[in-house]
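Trainee: Structural data only, the sequence is not supplied:
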């Protein structure tokens, strides 16, 4: 069982969800919501940058 992030405790329940990778309780469904927590999102974006061909 994962421990909710401290900010997850102040997020309204209708805007809360779980990260699609690590299942951390995060703000997911609000304005600007994202299915990934900040640390997993950073890892995905870093992987995208590595996989892009040079010059793009």
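Mentor: That came through, no problem. Model, not experiment: these values are computed from the prediction.
Trainee: Can you name the helix or strand that residue 23 falls in?
Mentor: Residue 23 is part of no helix or strand, with elements assigned from DSSP states H and E.
Trainee: confidence score at it?
Mentor: Note on residue 23: pLDDT of 91.
Trainee: what about it, how many residues close to it?
Mentor: 13 (other CB atoms under 10 Å). All C-beta atoms are positioned from the backbone trio N, CA, C, and that covers glycine.
Trainee: This protein: strands as residue ranges?
Mentor: Using DSSP state E, the strands of the chain run over residues 16-18, 25-27.
Trainee: mind listing what the last one pairs with, with the direction of each?
Mentor: Translated: strand 25-27. Next to strand 25-27 in the sheet, as set by DSSP bridges, lie strand 16-18 (antiparallel).
Trainee: which one is residue 27 nearest to, not counting chain neighbours?
Mentor: residue 11 (4.6 Å; CB to CB, 6 or more residues apart in numbering).
Trainee: for the one you found, phi and psi?
Mentor: In terms of degrees, to the nearest 10, the main-chain angles of residue 11 are phi -90, psi 130.
Trainee: hang on, the earlier thing: most tightly surrounded among the strands of the chain?
Mentor: strand 25-27 (a mean of 21; mean count of other CB atoms under 10 Å).
Trainee: quick one: low-confidence parts of the protein?
Mentor: By pLDDT under 70, the low-scoring segments of the chain are 1-9, 29-33, 54-56.
Trainee: if we can go back for a sec, adding distance to residue 34, write the strands of the chain out as a markdown table.
Mentor: Output for the strands of the chain, formatted as a markdown table (distance: least, CB to CB, whole Å):
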| stretch | distance to residue 34 |
| --- | --- |
| strand 16-18 | 9 |
| strand 25-27 | 8 |
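Trainee: returning to what we had before: distance-wise, check the residue nearest to residue 27 relative to residue 20.
Mentor: For residue 11, the distance to residue 20 (CB to CB, to the nearest Å) stands at 17 Å.
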